[in-house]
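S.K.: this is a predicted model, with the sequence first.
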Amino acid sequence: MMRSGMLRYARYQAGDFLLQKASVPAVLALFIGGMTVYMASRGFMPLDWSTDMGAANARTVLKQALDIFFPLAAFLAVNSISSGDRQHGHVRFLFSKPVAVPAYYLQTWLVYGGMLVALGGAFTLLLQLFTTRLPIAGAMEAAALTWMLVGGLGFLFSTLTRMDGAILILAWMLSSVLRSAAAMRPESPLPEWLLPIVKVLPPADRLDAARTALYAGHSAGSGSVLHVVGYGLACLVLGTLILRRRSLIT
Amino acid sequence: MIALRSVSREYRSLVGRTVRAVDDVSLEVAAGEVLGIAGPNGAGKTTLLAMLLGFLRPTAGTLRVDGMEPRAFVEAHGVAYVPELMALPLHWTVEHALHRLATLADVPAAELPAAVDRVVELLAIGEHRGKRLKALSKGNFQRVGIAQALLRDDMRLVVFDEPTHGLDPVWTARFREIVATMRRPDRVIVVASHNLDELERICDRVAIVDRGKIQRVVAVGGTAGVASPAAAYRIRAAAGSDAVVAAFPGATRSTSGDIDVGAVDLPTLNAGLAAAIAGGALISTVIPRESALETAFRSAVGGAA
């Protein structure tokens, strides 16, 4: 059973996310969205938000801003999520308290994910106030899918190594390139033997497609959602099992 | 309350080299006891404590705290622990750090401000409450480390790893008082330190660790009694020093005129003193040339420290 102290500790984890993880990506997203809205309001750009073209442009602005905010905030949040405490020795303070290690990091993961979704919704609402009706629920779903995949994968890597950030970037880039190449079948430049390996790489391409559909106000597609959520959840479960087994210090 | 049976811990490097940091250690510690752990650098003290706290698993043997695996015990009850290295995020303020760690320690929300006030007062860090940890001196940072360990006063296991490292003499003495007040019949206090004098003053027994093994367990302090091991003494006599020399075979005179007596146990010392007094000696001072613990330590680690 989770102790009340652990649950109350969530407010500190939420504060950590806001101040240390999400602040820079949020400023970037606000800058991108804000600049467009400002230029349109001052007549520098011929945008009329009330027309179909204006609404499409507003969704493009949303996509541009959130395509930076979600992946960057998710990466910064999950980077070193557990390895950092081991590396810096914080584990000695944290886990001499009556706290289960997997529960502590799962709660951190959930709080960070919840904050990312909430900020995605808040940002979209803010942009909507200055433009036109935007898919707020879709943006929040995009945030959740991004966190499930980037956050789940990063959580697993962080339980394994202190190089988790670099490995996450590498895995992501590798997956994006190889999965895009594999999707070009039958003209795919990849050899046949590589295709089964590509299949088990993180579904970065499916996440991108789902997010694009969601920003446009469409459904993400149950196939993509299941793939992304299933992959992230599997990583999360595996990471939790490793946290249960591994030594806290080396 | 603590039982180690043939506990070993090996580290394996990437190139396959194996180092045995703790080697076949067996020890029992009863509730109510204050146990010291002494040993030279690299002796295995910190690894032993890491296993006791469940941070590391033994590679062989069993370790139980109150009948439970250490990690399960810590998760269920928590441990008052002061690590050797003070590693907390340096941008935290003292107040923030104590509130966070008290929350994690499951101090009830209604009692949390009072718990923080209590440890701040106990460790006299009130003037530093609003400071960031990076702005603290080593000694004050160490006091914050001790304060966070004492946020709950119902912990049944207390572990101090080099607790007075960086503390000035006043706070070193104050720390001893704090440990004395923490003694409880249902609590075990474990103190690892290089400072043998400190261990001798606060502990009931001291385990001397070297090369991963417990070389010796020495009874010290108030509970040592007549079972304490032999120690060497320096005796000063206001009159009749010849009687003192005669009472202790092998005794020698120092350049200052005092009489140095070789290692004797307490009954032998007292019998010798009685004989010397009966022979006309007027004893003014009897002081250990080196404490029983120092003698045992030197003998156990072969001067490695």
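M.R.: Happy to help now that I have it.

S.K.: measure A:K199 to chain B for me?
M.R.: When C-beta to the nearest C-beta, to the nearest Å is applied, the distance between A:K199 and chain B equals 31 Å. C-betas here are computed from N, CA, C, even on glycine.

S.K.: and that residue, what does it touch?
M.R.: Taking C-beta atoms under 8 Å, 6 or more residues apart in numbering or on different chains, we find A:K199 in contact with A:A182.

S.K.: any weak-confidence spans in the chain?
M.R.: You didn't pick a chain, so chain A it is. A:1-2, A:46 (pLDDT under 70).

S.K.: um, chain B though
M.R.: Scanning chain B residue by residue, the ranges that satisfy pLDDT under 70 are B:221-230, B:303-305.

S.K.: and it, which of its residues are near chain A?
M.R.: By C-beta under 8 Å from any C-beta of the partner chain, the residues of chain B that approach chain A are B:11, B:50, B:53-57, B:74-81, B:83, B:85, B:87-89, B:100-101, B:103-109, B:148-149, B:159.

S.K.: any of these buried? List them.
M.R.: Buried by 16 or more other C-beta atoms under 10 Å in any protein chain shown: B:50, B:53-57, B:74-75, B:77-81, B:83, B:87-89, B:100-101, B:103-107, B:148-149, B:159, out of the residues of chain B next to chain A.

S.K.: among those residues, which ones are in helices?
M.R.: Among those, the members falling in helices (DSSP state H) are B:A50, B:V74, B:E75, B:H77, B:R100, B:L101, B:T103, B:L104, B:Q148, B:A149.

S.K.: please name the nearest non-neighbouring residue to the fifth one.
M.R.: Right, the one you point to is B:R100. Spatial nearest neighbour of B:R100, chain neighbours left out: A:Y12 (5.3 Å); criterion: C-beta to C-beta, 6 or more residues apart in numbering or on different chains.

S.K.: and for the third one?
M.R.: On the basis of C-beta to C-beta, 6+ apart, the spatially nearest residue to B:E75 that is not a chain neighbour turns out to be A:A100, at 4.9 Å.

S.K.: and that neighbour, how many residues sit next to it?
M.R.: Applying other C-beta atoms under 10 Å in any protein chain shown, we find 20 residues neighbouring A:A100.

S.K.: hang on, B:V217 in a strand?
M.R.: Yes: assessed with DSSP: H, G, I helix; E, B strand; the rest coil, B:V217 lies in a strand.

S.K.: returning to that earlier point: correct me, but the residue nearest to B:E75 touches B:V74?
M.R.: No: here A:A100 does not reach B:V74: they are 9.4 Å apart, not a contact under C-beta atoms under 8 Å.

S.K.: so the residue nearest to B:R100 touches B:T103, yeah?
M.R.: Yes: contact criterion C-beta under 8 Å: A:Y12 and B:T103 qualify, at 7.0 Å.

S.K.: show me what from chain A comes close to chain B.
M.R.: Residues of chain A lying near chain B (C-beta under 8 Å from any C-beta): A:3-6, A:8-9, A:12, A:88-100, A:247-250.

S.K.: and the residue nearest to B:E75, its phi and psi?
M.R.: With angles defined as degrees, to the nearest 10, A:A100 sits at phi -80, psi 130.

S.K.: again, but for A:L160
M.R.: Main-chain torsions, A:L160, degrees, to the nearest 10: phi -100, psi -40.

S.K.: check contacts around it.
M.R.: Shown in contact with A:L160 (C-beta under 8 Å, 6+ apart): A:I242.

S.K.: who are the contact partners of A:S224?
M.R.: Applying C-beta under 8 Å, 6+ apart to A:S224 gives the contacts A:P203, A:R206, A:L207, A:A209, A:A210.

S.K.: how about B:D161?
M.R.: Counting by C-beta under 8 Å, 6+ apart, B:D161 touches B:K45, B:T46, B:L49, B:Y81, B:V82, B:P83, B:E84, B:A192.

S.K.: residue 190: neighbour count?
M.R.: Picked chain A for this. Neighbours of A:L190 under the rule other C-beta under 10 Å: 16.

S.K.: let's do chain B instead
M.R.: Residues lying near B:V190 (other C-beta under 10 Å) number 24.

S.K.: for it, which three-state class applies?
M.R.: Strictly by three-state DSSP, B:V190 counts as strand.

S.K.: B:L49 is in contact with that one, correct?
M.R.: Yes: look at B:V190 against B:L49 with C-beta under 8 Å: they come within range, at 7.1 Å.

S.K.: now do the SS call for B:I37.
M.R.: When classified by three-state DSSP, B:I37 comes out as strand.

S.K.: what bridges to it?
M.R.: Beta-bridge partners for B:I37, by DSSP bridges, are B:A192, B:A207.

S.K.: measure it to chain A for me?
M.R.: 17 Å.

S.K.: I'd guessed B:S193 sits against B:G39; true?
M.R.: No: B:S193 lies out of contact with B:G39 (C-beta under 8 Å); the separation is 9.7 Å.

S.K.: which one's more surrounded, the two?
M.R.: Neighbours were counted for B:S193 and for B:G39 using other C-beta under 10 Å; B:G39 has more, 28 against 23.

S.K.: where exactly do the helices run in chain A?
M.R.: Remark: helices assigned in chain A by DSSP H are A:4-8, A:10-16, A:23-41, A:52-78, A:83-88, A:91-94, A:101-130, A:136-146, A:152-160, A:164-182, A:195-199, A:204-215, A:222-245.

S.K.: check chain B too.
M.R.: Under DSSP H, chain B gives helices at B:45-52, B:70-77, B:94-104, B:112-122, B:138-149, B:169-182, B:196-202, B:241-247, B:266-278, B:292-301.

S.K.: give the contact list for the closest residue to A:L195 other than its chain neighbours.
M.R.: Among residues not flanking A:L195 along the chain, A:A182 sits closest, at 5.9 Å (C-beta to C-beta, 6+ apart). Residues in contact with A:A182 (C-beta under 8 Å, 6+ apart) are A:S188, A:L190, A:L194, A:L195, A:V198, A:K199.
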